[in-house]
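Trainee: generate coordinates for the sequence data below:
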Amino acid sequence: MSARSMPTYSPRGLALLRDPLLNKGIAFSEEEREALGLRGFLPAAVMSMQAQVERVLMNLRSLPSELEKYVALNSLHDRNEALFFRVVCDHIDEIQPLIYTPTVGLACQRYGLIFQRPRGLFISANDRGHISEILGNWPYRARLIVVTDGERILGLGDLGANGMGIPVGKLSLYTACAGIHPEQCLPVMLDVGTNNEEFLQDPYYIGLRQKRLTGEAYDEFVDEFIAAARATFPGVLIQFEDFANHSAFRLLHKYRDDACVFNDDIQGTAAVALAGLFSALRVKGGKLSDQTLLFLGAGEAATGIADLVVSAMMAEGTSEAEALRRNWLVDSRGLVVKGRPGLSGHKLRFAHEQAPINDFLTAIKTLKPTAIIGVAAVGGAFTPEVLQTMARLNEQPIVFALSNPTSKSECSAEHAYRHTGGRALFACGSPFDPVKLDGKTFVPRQGNNSYIFPGVGLGVIASGSRLVTAEMFMAAAHTLANSVSEGDLKQGSLYPSLPRIREVSAQIGAAVANVAYQRGLAAGPPPNDLIGFIQSQMYDAHY
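Mentor: Got it, this is the predicted structure:
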C-alpha cells in the first residue's frame, strides 16, 4: 500500500488507522503520512515490518500463559491484519498452537471473559426472516464462510456462541497456510442457544440465554442462512465446522450436491488421517487394503475417515464389502456390531457380524488391528496396556491419537513411543514435543486439518468450483502424503513440517483445482500453468 496506489474510496486519518486491513501502524512512511492525513496521529519513528514483527514476538514471549498470548494475538489481528499474518507465517510452529488447537479450546471456554472486539457475524435465532439483511451488512465480498452453531466445539461439547473462536481461528489458518485474502473470509456464528447450563447461568456469556433451537425450526433457520449466503455472495464456499453429529451428517448430505459446501470435521479430518496412513505405509510397507483399522469413536471424524479409507482401499482393487470389513468402530457402548439396537445411520455401514465386545482393549485383542485411530475425545484412552498390546500384535503399530485439545488426547507422544518400544508410527491431534528414547529422537507431528482444509479451499476458490467433492479430498490426501520427505519419515514424522505449509497448500490447491477442471465443475478453462496460477492467487502479508 502506498500513497499513489491508495484507492480513492479508502479512509484517511484515524479511520485508516482503525481499519485492520489497511493499517500499518508506525510503518507508514513520511510520504504516506503526508498523503493520507496521518500527521500527528503517529509518533515520529518509522519502523520496518520486520522490526514490528520482532517487537510483537518480544512482547508475546514475555506473557505468562497461552491464553494471554491468544488475547494479545487477537488484539493484533484486530488492529493490523498484515502484521498479524506476517507473524503467523514466519513463526507458524510457535504461533499456530496459540491461535488454534490447543489454545483455542480454552479461549472458547472463556470467550465471554476475553471478548474484546467482534469479528465476523453473529446471527441468532431471533434474526429469523432477516438473515439476508444481516449478511448484507458485511462490507466485503466474502468468498469463504466458516460457520458453526457451537454445539460440538473440539472435544469440549456445547459451548454455544462462545464457539465463535473456532471459525475465527480456522479462517486465520486459511490466510496463513493457503493465502486466502483476509478480506474474503467471513466467520459466522449461528447462535441457536445452548444446552450448557454453566453458560446459561454465566453473567458474561455472550450468546442467547435459551435452550437450543431444534427440529423443523432449526432446519428452517439453517436453510435461510444457506440461501441468503449464496444470494449475497454468489459462488461462496461454505465450511460447516463443529456441528454435533446429529446435525453435521444431515446438513452435509442435504447441501453438498447442490451447493459449494463441505464439513471439515468429517471430510478434512478424513483426508489428513488418510494421508498419515499413506505415510505410515511408506515406512512399514504393505498396501492400505491389507490393513485392519479400529476406531475409538463412531462420530463425524471416525466415519468420515473410515468412508475415505474404504474408497482408497477400493481404488487398490478391493471390493467394497472387504474394505468395509477392515474398518471397525468402538463407541461409548462398545464395538459397533450388526444387530445392536439403536444404531444411527452413519454407524450402520460399519456394523459387522461379530459378538458384542464392551471395551476397546478386548476389541484390539479380538480383531488384531494394524492401526488404532482415536477420535472420541476420551483423554488417556490409549492406556499402556492398549499400546503394549498393539506392539505385541504388530512390528510397527499405527497409533493415531487425533482428539484435541491436549487434555482430550488418547495418549501423549512419549507414551506412544515408550510403551511400544519406539516402534509406533504415531500421529497426534495436538502438538507434542520431540521424544528421546534409547538414543533416538522421534519428532511427532500433528495430523492437523490445517494441512488439508486451507489447500482445499484455495483450490475450490481459485477454480471457481461449483461443488466440493469426495474426489477432491482423496486428491488432497495423496498430495499431502507425497509431500512428506524421507527425512521426515526417518524421524517418525508422518506429516511435513509446518513451515512448509504454504508450499504444501499450493500443491493441494492445484490438485483440487485439477479435479474441478477435469469434472467440469470449474468456472472456466484450466490455465496453462496450474500451480503457477494457484500461487498467483495467494495473499502474502507484506506492506
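Trainee: packing partners for the lowest-mean-pLDDT helix or strand in the chain?
Mentor: The weakest-scoring helix or strand in the chain, judged by mean pLDDT, DSSP states H and E, is helix 345-348 (a mean of 87). Applying 3 or more C-beta pairs under 8 Å, 6 or more residues apart in numbering; DSSP states H and E, we find helix 345-348 packed against helix 245-255, helix 300-315. In short, each C-beta sits where N, CA and C put it, glycine included.
Trainee: which of those helices sits most buried?
Mentor: The densest packing among the helices and strands packed on helix 345-348, expressed as mean neighbour count by mean count of other C-beta atoms under 10 Å, is seen in helix 300-315 with a mean of 23.
Trainee: can you give me the offset of it from its chain's centre?
Mentor: The gap between the average C-alpha position of helix 300-315 and the chain average comes to 18 Å, counting by C-alpha atoms, centre = their mean, to the nearest Å.
Trainee: coming back round to it: now the helices and strands packed on helix 345-348 as CSV including mean pLDDT and distance to A323?
Mentor: Written out in CSV, the entries for those read as follows (pLDDT from 0 to 100; distance: least, C-beta to C-beta, whole Å):
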stretch, mean pLDDT, distance to A323
helix 245-255, 95, 20
helix 300-315, 97, 4
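Trainee: so what touches the least confident helix or strand of the chain?
Mentor: Contacts of helix 345-348 with the rest of the structure, by C-beta atoms under 8 Å, 6 or more residues apart in numbering, involve 245, 249, 298-300, 303, 329, 331, 336.
Trainee: how does it look with 7 Å?
Mentor: The list of residues contacting helix 345-348 from outside it, by C-beta atoms under 7 Å, 6 or more residues apart in numbering, reads 249, 298, 303, 329, 336.
Trainee: same check on stretch 284-299?
Mentor: Taking C-beta under 7 Å, 6+ apart as the criterion, the residues outside stretch 284-299 that touch it are 245, 277, 281, 302, 306, 309, 312-313, 316, 318, 323, 326-331, 336, 347, 360, 363-364, 367-376, 378, 381, 396, 410, 425.
Trainee: buried members of those residues into PyMOL, please.
Mentor: Those of these that count as buried under 16 or more other C-beta atoms under 10 Å are selected in PyMOL with:
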select buried, resi 245+277+281+302+306+309+312+313+318+323+326+327+328+329+330+331+336+347+360+363+364+367+369+370+371+372+373+374+375+376+378+381+396+410+425
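Trainee: okay, the helix or strand just after the least confident helix or strand of the chain in PDB with CA atoms only?
Mentor: Helices and strands here follow DSSP states H and E; after helix 345-348, the next one along the chain is helix 360-367. The C-alpha trace of helix 360-367 is given here as PDB (Å, rounded to 0.1, in the frame of the first residue of the first chain):
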ATOM      1  CA  PHE A 360     -11.600 -51.200  23.500                       C
ATOM      2  CA  LEU A 361      -8.800 -53.400  24.800                       C
ATOM      3  CA  THR A 362     -10.800 -56.600  24.300                       C
ATOM      4  CA  ALA A 363     -11.700 -55.400  20.800                       C
ATOM      5  CA  ILE A 364      -8.000 -55.000  20.000                       C
ATOM      6  CA  LYS A 365      -7.200 -58.500  21.300                       C
ATOM      7  CA  THR A 366     -10.100 -59.900  19.300                       C
ATOM      8  CA  LEU A 367      -9.800 -58.100  16.000                       C
END
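Trainee: packing partners of helix 360-367?
Mentor: Contacting helix 360-367 under the criterion 3 or more C-beta pairs under 7 Å, 6 or more residues apart in numbering; DSSP states H and E are the following elements: strand 293-296, strand 327-331, helix 384-393.
Trainee: partner strands of the next helix-or-strand element following the last one and their direction?
Mentor: Sequence order places strand 398-401 as the next helix or strand after helix 384-393, per DSSP H and E. Paired with strand 398-401 in the same sheet, following DSSP bridges, are strand 371-374 (parallel), strand 425-428 (parallel).
Trainee: show me where this structure has strands.
Mentor: 121-124, 144-148, 185-191, 237-240, 261-263, 293-296, 327-331, 334-335, 371-374, 398-401, 425-428, 435-437, 440-442 (DSSP state E).
Trainee: which one, of these, ends up nearest to A72?
Mentor: strand 185-191 (19.5 Å; C-beta to C-beta).
Trainee: paired strands for that closest one, with orientation please.
Mentor: Here strand 185-191 has these sheet partners by DSSP bridges: strand 121-124 (parallel), strand 144-148 (parallel).
Trainee: contacts for the longest one next, please.
Mentor: This points to strand 144-148. Identification of contacts with strand 144-148 by C-beta under 7 Å, 6+ apart yields 163, 166-167, 170-171, 174, 180, 184-190, 229, 236-243, 457, 461.
Trainee: just the C-alpha atoms of that strand, please, in CSV.
Mentor: Extracted in CSV, the C-alpha atoms of strand 144-148 (Å, rounded to 0.1, in the frame of the first residue of the first chain):
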residue,chain,number,x,y,z
LEU,A,144,-15.3,-18.2,2.0
ILE,A,145,-17.5,-18.6,5.1
VAL,A,146,-16.7,-20.9,8.1
VAL,A,147,-19.9,-21.4,10.1
THR,A,148,-20.7,-23.1,13.3
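Trainee: re earlier: and of the contacts of helix 345-348, the nearest to N449?
Mentor: Of the contacts of helix 345-348, the one sitting nearest to N449 (C-beta to C-beta) turns out to be T303, at 15.9 Å.
Trainee: roughly how far apart are the closest one and F240?
Mentor: If you measure T303 against F240 using C-beta to C-beta, to the nearest Å, the figure is 15 Å.
Trainee: swap in F473?
Mentor: Following C-beta to C-beta, the distance that separates F473 from F240 is 14 Å.
Trainee: so I226 sits right up against A259, yeah?
Mentor: Yes: look at I226 against A259 with C-beta atoms under 7 Å: they come within range, at 6.4 Å.
Trainee: could you pull out the residues contacting both of the two?
Mentor: The overlap between the contact sets of I226 and A259 (C-beta under 7 Å, 6+ apart) consists of I238.
Trainee: the residue positioned nearest the centre of the chain: what's it in contact with?
Mentor: The geometric centre of the chain, computed from its C-alpha atoms, lies nearest to N449 (C-alpha atoms, centre = their mean), at 4.3 Å. By C-beta under 7 Å, 6+ apart, the contact set of N449 is 264, 268-269, 272.
Trainee: between the strands of the chain, which gets nearest to L22?
Mentor: The closest approach between L22 and any of these, judged by C-beta to C-beta, belongs to strand 185-191 at 16.0 Å.
Trainee: export only the CA atoms of the closest one, formatted as PDB.
Mentor: Coordinates of each C-alpha in strand 185-191 appear next as PDB, following Å, rounded to 0.1, in the frame of the first residue of the first chain:
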ATOM      1  CA  CYS A 185     -13.000 -14.500   4.800                       C
ATOM      2  CA  LEU A 186     -16.200 -14.400   6.900                       C
ATOM      3  CA  PRO A 187     -16.600 -16.300  10.200                       C
ATOM      4  CA  VAL A 188     -20.300 -16.800  11.200                       C
ATOM      5  CA  MET A 189     -21.900 -18.000  14.400                       C
ATOM      6  CA  LEU A 190     -25.400 -19.400  14.100                       C
ATOM      7  CA  ASP A 191     -26.500 -18.700  17.700                       C
END
